[in-house]
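# Let's see this in three dimensions:
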Amino acid sequence: MARVSKKRKAANAKVDKEKLYALQDAMALIKQVNTTKFDASVDLHIRLGVDPRKADQALRGTVSLPHGTGKQKTVMVFCTPDKEAEAKAAGADYVGLDELVTKVQGGFTDVDAVVAMPSTMAKVGRLGRVLGPRGLMPNPKTGTVTMNVGDAVSEIKKGKISFRVDKFGIIHAPVGRVSFSADKLADNANEVLSTIMKMKPSSAKGIYMKSLTVASTMSPGVKIDTKTIK
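Numbers count the residues shown, from 1 in each chain. So this is what the prediction gives:
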């Protein structure tokens with residue numbers, strides 16, 4: 001059995017596992033119980049009353065966080081030569097087509113997001129086995145298959161995130177770093193949650209947002225009262 005550090009024990013003691021915290025209070029608490037020395041990511045874990053096996057309930061989408069993610073995102077763009085300058089000017093880190101396809105086929109996936117022009121998808125589609133499991137496959141629904149590659153890159157760099165429900169009906173979404181104020185974390189969380197609420201499928205029955213937890217890297221989870229969401 002793994003030993004629990006003194007820091008983690010102290011952090012665990014501050015969280016009442018039976019309590020549902022107001023969103024703002026949960027964000028303040030998550031800053032207190034962070035045990036890492038680095039600026040850890042703060043993530044929401046949202047359990048939904050959906051069946052991801054049904055096409056209309058396999059939710060996926062994007063949201064622009066008002067205060068960004070706190071992380072400098074690395075973006076790869078698959079495009080034709082005439083669009084390379086636009087992508088680079090917007091801040092894309094890797095730009096091209098055939099040589100990038102070969103690079104990814106070789107196992108390179110050290111990026112946070114991938115954007116592609118529609119005309120390149122015949123080639124990019126072959127990378128599904130590499131990009132798909134990492135949530136990096138470009139998709140028109142998330143605005144990452146587009147002719148406007150510059151705009152797409154700019155939005156991602158400013159704090160636009162993609163999310164999708166996993167096979168257990170849970171969405172995992174970053175809302176900032178522990179260095180953020182509780183107010184900024186709450187603002188970002190509300191933006192994510194309101195977006196997901198608007199996406200409720202008409203075929204989903206019963207309680208839609210079943211549970212909501214926030215946690216930072218290696219911190220205990222803090223349960224949030226869904227009634228306190230704006």
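# from here on, contacts and neighbour counts on C-alpha atoms
Fine.
# So which bits of stretch 30-47 are buried?
Counting neighbours by 16 or more other CA atoms under 10 Å, one finds that the buried residues in stretch 30-47 are 30-31, 33-35, 39-47.
# Output that stretch as CSV - backbone C-alpha positions only.
Extracted C-alpha coordinates of stretch 30-47, given in CSV (Å, rounded to 0.1, in the frame of the first residue of the first chain):
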residue,chain,number,x,y,z
ILE,A,30,-8.5,23.7,-4.0
LYS,A,31,-5.8,26.4,-3.9
GLN,A,32,-5.3,25.6,-0.2
VAL,A,33,-5.0,21.8,-0.6
ASN,A,34,-2.6,21.8,-3.6
THR,A,35,0.5,19.8,-2.6
THR,A,36,2.7,20.3,-5.6
LYS,A,37,5.6,22.7,-5.9
PHE,A,38,4.8,23.6,-9.5
ASP,A,39,1.8,25.6,-10.8
ALA,A,40,-0.6,22.7,-11.1
SER,A,41,-3.5,22.4,-13.4
VAL,A,42,-7.0,22.8,-12.0
ASP,A,43,-9.6,20.5,-13.6
LEU,A,44,-13.3,19.9,-13.5
HIS,A,45,-14.7,16.4,-13.6
ILE,A,46,-18.3,16.5,-14.7
ARG,A,47,-20.4,13.3,-14.5
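# mind listing what's buried in the worst-scoring helix or strand of the chain on mean pLDDT?
Ranking every helix and strand in the chain by mean pLDDT, DSSP states H and E puts helix 6-14 at the bottom, with a mean of 79. Applying a neighbour-count criterion of 16+ other CA under 10 Å, one finds 8, 11, 12 buried in helix 6-14.
# now those residues as TSV including distance to residue 172?
Formatted as TSV, the buried residues of helix 6-14 follow (distance: CA to CA, whole Å):
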residue	distance to residue 172
8	22
11	22
12	22
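# Just the closest of these to residue 106, please.
Residue 106 lies nearest to residue 8 out of the buried residues of helix 6-14, by CA to CA, at 39.3 Å.
# if I look at the nearest residue to that closest one once chain neighbours are set aside, how far off is residue 43?
Nearest residue to residue 8, sequence neighbours excluded (CA to CA, 6 or more residues apart in numbering): residue 35, at 6.5 Å. The spacing between residue 35 and residue 43, counted by CA to CA, to the nearest Å, is 15 Å.
# partners of the residue nearest the centre of the chain in the sheet?
Residue closest to the mean C-alpha point of the chain, counted by CA atoms, centre = their mean, is residue 173 at 3.9 Å. Counting by DSSP bridges, residue 173 is bridged to residue 44.
# I appreciate the help and will end here.
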